[in-house]
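Enquirer: 3D, please:
(2 chains)
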Amino acid sequence: MDGEVLRRLGAALDPGALLTAPEDVRPYECDGLTGHRALPAAVLLPESTEQVAVCVRICHDAGVPYVARGSGTGLSGGALPVAGGVVVCLARMNRVLAVDLDNERVVVQPGVTNAAVTQAVAAAGYYYAPDPSSQQVCSIGGNVAENSGGAHCLKHGFTVNHVVAATFVTANGRVARLGGAVPDAPGYDLLGLVVGSEGTLGIVTEVTLRVLRRPQSVRMILAAFDSIEQAGAAVSRIIAAGVLPAAVEMMDRLTREASEQAVHAGYPDCEALLLVELDGPDVECDAQVESCRGICVDAGAVEIRLARDDAERALMWRGRRAAFAAMGRVSPGYYVQDGVVPRMRLPEVLRGIEALARDYGLRVGNVFHAGDGNLHPLVLYDRGVEGEAARALELAGRILDVCLAAGGSITGEHGVGHDKACYMPRMFSGAALTVMDRVRAAFDPAGLCNPGKLLPTPRLCGEVPGFHRVHPVEAAGLAERW
Amino acid sequence: MVSAAGVREILAGITGDDFVREASAEDAVAGVQPSLVVSPGTEAEVSAVLACASRDGLAVVVRGGGTKLDWGAPPSRCDVLLSTARLDAVVEHEPGDLVCVAQAGLRLDALQAALAPHGQRLALDPGHGVAATLGGIVAAGAWGPLRARYGTARDLVIGARFVLADGTVGYSGGKVVKNVAGYDVAKLLIGSLGTLAVVTELSLRLHPLPRASCTLAVEGLDAAAVASVWRAVEGAAVVVSRAVALWPDGVLLLQVDGTEDGVEAQVSALHATGRLRRLDASDAETAWTQAQAAVWTEGATVAAIGVPRSELAALLDRLGGVAERTLALPSLGIAESRLRPTISEDDLRALRAWTEQRGGHLLLRRPPASLARLAWPQRDDPALDLMRAVKRSLDPTSTLAPGRFLGGI
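Expert: Take a look at the predicted model:
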C-alpha cells in the first residue's frame, strides 16, 4: 500500500493504533472460518467514531478496500481481509456508554461483547435477549453485522429486533445516525437493512439496544426419543398447541454421545434428545410445561426430565453447547453446515441428509434449533484419507440444496460472508441479486466496503468453501460456538 | 411521452381491457388526480405495467384498500393508480410452521378469517379502516395495540416479493423465520409508502390465537398516573399483549393472554397495581376497536408522535389544547393523535420542535392541503442522503409516488 496512505492513517489514529508489521497483522488474517486467510497491509485500532470516519475517508479517497472486524468469531469469513487492504478492528471501542432503564435502552460501542450488555443491566433485573453461543466473546458490532440470533431467538427475535439506533460511518466517511432511541424515526428503515448486511454497507460505531425484563420463570424439559421423527413430531405438536417456547433444541445420537463424553451432562441414551425451554409468568410457565410434557409422552418419549433448578438447567444447556467442540472426539475433521428448513419439513430433510451421507460414505451428525428449523449438520471426515475432505465439502453443499428444495435458506445465522457467496444464486434469481447489488451500490458506489462478501462475484465463485478449524479462542476454552 | 389514450391501450394490452379504466375523482391521491387506474392480476403484469410507466415517464401510486392513501405528503405527480385488488390470494399456509405467504392485495380481515380456523393469526391489528390490505399495512408501517407485544410489520414480515419501477422483480427473505441470506430488502419497503417498489407478495410470521384473554381498564388517571400505573404493570409478573393509554380520557387499557389459569393469575397480579375494571369479552373487543377509531375519525388529521417513553406524561400534558384524542403506547412512547382542525401552522411547528428536543419526532398522517408541506420534518443529514441514494438506485426515474416521502423523495 502507498506509504503516504499509511502515514495519513497513522496520523488519524492514536499512537500504536496502526499495525503494519507482518507479525502484528497476521492474527487478523482470518475470522472464525479459519480455512480462508488473507494478509491485510494494515490493521487499524480506532478509538472513536471520528477516527473511524477519518480513516474510512482516507481509504475511500485512495481507493483502498477495508473490512470491519469485531471479535473475529464469525463463521462465514465475513471479516476475512482483502489481501493488501485495511482491517478496521473495533475491539478498542468497547465501552458501555449509557444505561437508561427508564427507557429500556443501553448504548454501547461496537467492541462491547454481547454478554457485557446483559452484565451491565442484570443487577436491575434486565437482560439483552439475543444470545449467540459465542456471546462471551463476540461483539455487538459483529452481532449487528450478522443479525445474530441464538437459541432463544425463536421467541425473542434476532439482533434486528433489539437494535433501535446506530451511529454509522458511511462508505465515504460521513457519520450518519440511523434509527432512533424512539421507535418509528421518519424515513426509510436503513437500520433494518444495515443489521445483517455483513459489514458491506458501512461501519457501525455506536449502537442503542433494547433490553428486556427477565421473565419471572424459566423452565427446561428434556425428552428422549427412539427416533428423530418422533422428536420432530413432538416439536410440531408443541407449536401447533399454541405454545411458543423460548428455545427448542435437538441432538441426534452421534452428537449427543460426543457431547456426553465431553461434559457429562447426564443425557439419557437415545436416538434423539429434545430440550425445550419455556419462560414467562409462573402460572403460565407451569401450564406450558405440563402441556409440553403431555405432548412429548404422546409423541413416544421414552424418558422425560424437568430441570429442578437453574443449575440443572445450565447443565442441560452445557451439554448442548458443547456438542460441536465435542465432535473432535469422534472425528479428526468436521465441516459445520448452517441451513434452514420449514419446521414441518424437518423429518424428510433429515432423511434426505441421511441418504446423502450414505451415498458419500460419510457420517453426518445433527444438532439443530428445531423450533425454527435451523440445522447444523456436522459432516465428519478424515483429512488423512485421500479425497475425503473434498467429498465432505461437496456433501455439505448438497445438504444446502436439500434445504432449498424444502423451501428453506442457505444460512440461518452464520451469514453468507465469503464462504457462501457462491451459493447465493441457488437461492436468489439473477434479478433478485441485481436488486441487492443496487442497494449495495447506493451505500458504497466505489465497492470498497468489505468487497467480495455476501453477493457472488465471478472471481470468488471459482473457489471452494472453507473448512472449519478450531479458533484460538475456542482452543483456549474462552468460547464455544453455535 | 405517449398520449393518454396510447397509455391506456398499452396497459390494456398487459392486463386486458377489463382491468384498465379512466380514473374518477374518487381515485384522487391526497387531492392529486390520476388519469388511469390499472389492476394487474399477476406479478408479471405488475412488472410490465411499471416497466411501461417508467419508460414513458409516468408517475405511479400503488393502492391497496385505499385506507391510507393520504398518508405522507401529496405526490407531486400521479398518472396511474396501480390497484393491488386482484392480487388477493393466500399463496401458502402451513399451520405447523406458523408461517403464511399471501399476496399484497389480500385484506387483513380476509387473512385473519382464513387463519382463525387453525387457531392462528397475524399479530397485527391496525385500525385505519377494514379495507386495509397486507401490502398497504406494510407500506405504511401501520400498527395497532398488539404492537406492545408483537411489534410491527418489521418484526412479522419474513420475506417479500416486489417489483421495482423498471419492472425488475426482486425478492428477499423467504418462508422460514430464521434466515440471514442476503440483504433484507423488505425492511426498506416497510413504511416506504410505496416510493421504492410495489410489494406483490409477503411471507408472514404467525402467532397462535390466545386460548384465553382478559381486558382490563384503569380509569380516571391524570398524565402522571398513566405513566406510573404503566410502570407498576411492567413490574408485575404479567406479559401484556395489548396496552394503550387513551387521552384525554385518562384510561389505560390492558390485555393479558394465555391459558385460563395463567390469565387469572396475571389478572390477580395486575390487581395489585391499582384499581382495575374487568371488561367482559364483547365490551373488550369494542373497547379495542374504539380506541383507535376514536382517533381516526373521517377526514381528521392525525399526528404520529414519538418521544422517549419516560416523557410520556409530559407529552400527554403537552397535547392539551392542540389534540382532541390521543392513543399512546406507554411501552414505547409513541402515539397517534387527532389534531384540532383549527391547529395553526405555528402550533404544529412548536409541537414538532417540542418532540424533537426530546429526541422524538412528529409526522402528519392525512394532512390537509394547508399543512401538507409540514407532513414530514425538515431534515438534512447524511442519513437522508443515503435515503436519496437508495431511491435513486431503485427508482432512478422517480416513477413511484414522487414527492410523497421524507425530504421530497
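Enquirer: would you mind naming what in the stretch 201-350 of chain A lies close to chain B?
Expert: Residues of the stretch 201-350 of chain A found near chain B (Cβ under 8 Å from any Cβ of the partner chain) are A:213, A:216, A:236, A:239-240, A:242-244, A:280-284, A:287-288, A:340-344. Every C-beta, even on glycine, is put in place using the N, C-alpha and C of the backbone.
Enquirer: does residue A:176 belong to a helix or a strand, and which?
Expert: Take DSSP states H and E as the rule and residue A:176 turns out to sit in strand A:175-179.
Enquirer: partner strands of that strand, with direction?
Expert: Within its sheet, and counting by DSSP bridges, strand A:175-179 is paired with strand A:163-170 (antiparallel).
Enquirer: hmm, back to that, buried ones in the strand holding residue A:176?
Expert: Of the residues in strand A:175-179, those buried under the neighbour-count criterion (16 or more other Cβ atoms under 10 Å in any protein chain shown) are A:175, A:176, A:177, A:178, A:179.
Enquirer: and residue B:380, helix, strand or coil?
Expert: Using DSSP: H, G, I helix; E, B strand; the rest coil, the secondary structure recorded for residue B:380 is coil.
Enquirer: do you know how far residue A:222 is from residue B:292?
Expert: For residue A:222, the distance to residue B:292 under the criterion Cβ to Cβ, to the nearest Å works out to 44 Å.
Enquirer: narrow the residues of the stretch 201-350 of chain A next to chain B to those in helices?
Expert: Among these, the ones falling in helices (DSSP state H) are A:236, A:239, A:240, A:282, A:283, A:284, A:287, A:288.
Enquirer: show me the contacts for residue B:293.
Expert: If you count contacts by Cβ atoms under 8 Å, 6 or more residues apart in numbering or on different chains, residue B:293 has them with residue B:127.
Enquirer: no wait, residue A:444
Expert: Remark: with contacts taken as Cβ under 8 Å, 6+ apart, residue A:444 is in contact with A:171, A:200, A:201, A:202.
Enquirer: try 10 Å this time
Expert: With contacts taken as Cβ atoms under 10 Å, 6 or more residues apart in numbering or on different chains, residue A:444 has the following neighbours: A:60, A:170, A:171, A:172, A:200, A:201, A:202, A:450, A:451, B:389.
Enquirer: which helix or strand contains the first one?
Expert: In other words, residue A:60. Per DSSP H and E: helix A:49-62 holds residue A:60.
Enquirer: what does the stretch 201-350 of chain B put close to chain A?
Expert: In this structure, the stretch 201-350 of chain B approaches chain A at residues B:205, B:207-211, B:227, B:231, B:234-239, B:256-266, B:268-269, B:304-311, B:329, B:331-334, judged by Cβ under 10 Å from any Cβ of the partner chain.
Enquirer: buried only: go through these for me.
Expert: The neighbour-count criterion (16+ other Cβ under 10 Å) marks B:205, B:207-210, B:227, B:236-239, B:256-259, B:262-263, B:265-266, B:269, B:304-311, B:329, B:331-334 among those as buried.
Enquirer: narrow these to those in strands?
Expert: Using DSSP state E to define strands, the subset of these located there is B:205, B:207, B:208, B:256, B:257, B:258, B:304, B:305, B:306, B:329, B:334.
Enquirer: with pLDDT as added columns, please give those in TSV.
Expert: Written out in TSV, the entries for those read as follows (pLDDT from 0 to 100):
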residue	pLDDT
B:205	96
B:207	94
B:208	92
B:256	96
B:257	94
B:258	90
B:304	98
B:305	98
B:306	98
B:329	98
B:334	97
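Enquirer: now for the residues you listed: which two are most distant?
Expert: Using Cβ to Cβ, the two most remote members of those are B:208 and B:305, lying 32.4 Å apart.
Enquirer: and residue B:275, what pLDDT?
Expert: Here the pLDDT value assigned to residue B:275 is 85.
Enquirer: that one contacts residue B:219, correct?
Expert: Yes - the pair residue B:275 / residue B:219 is scored as a contact, 8.0 Å apart, by Cβ atoms under 10 Å.
Enquirer: of the two, who's got more company?
Expert: More neighbours surround residue B:219 than the other of residue B:275 and residue B:219, with 13 against 10 (other Cβ atoms under 10 Å in any protein chain shown).
Enquirer: how about the more buried one: what's its closest non-neighbour residue?
Expert: Closest residue to residue B:219 in three dimensions, ignoring its sequence neighbours and counting by Cβ to Cβ, 6 or more residues apart in numbering or on different chains: residue B:251, at 5.2 Å.
Enquirer: measure that neighbour to residue A:100 for me?
Expert: Taking Cβ to Cβ as the criterion, residue B:251 is separated from residue A:100 by 27 Å.
Enquirer: and those two? Which one has more around it.
Expert: Neighbours per residue, other Cβ under 10 Å: of residue B:251 and residue A:100, the larger number sits with residue B:251, 18 against 14.
Enquirer: ramachandran angles for that one?
Expert: Dihedral pair for residue B:251: phi -120, psi 140, per degrees, to the nearest 10.
Enquirer: my read: it touches residue B:243, true?
Expert: No - with the criterion set as Cβ under 10 Å, residue B:251 and residue B:243 do not qualify as a contacting pair; they are 11.4 Å apart.
Enquirer: point out where chain B drops to low pLDDT.
Expert: In the prediction, chain B carries residues with pLDDT under 70 at positions B:1.
Enquirer: how does it divide into domains?
Expert: Per automatic domain parsing, the domain ranges recorded for chain B read B:1-209+B:378-409, B:212-293, B:302-374.
Enquirer: could you single out the most deeply buried of those?
Expert: Counting by mean count of other Cβ atoms under 10 Å in any protein chain shown, domain B:1-209+B:378-409 has the highest mean neighbour count of these, with a mean of 21.
Enquirer: and the closest residue to residue A:138 other than its chain neighbours, what's its pLDDT?
Expert: Distance criterion Cβ to Cβ, 6+ apart; nearest residue to residue A:138, sequence neighbours excluded, is residue A:73 at 4.6 Å. Here the pLDDT value assigned to residue A:73 is 93.
Enquirer: which SSE is residue A:73 in?
Expert: Short version: residue A:73 belongs to no helix or strand, going by DSSP H and E.
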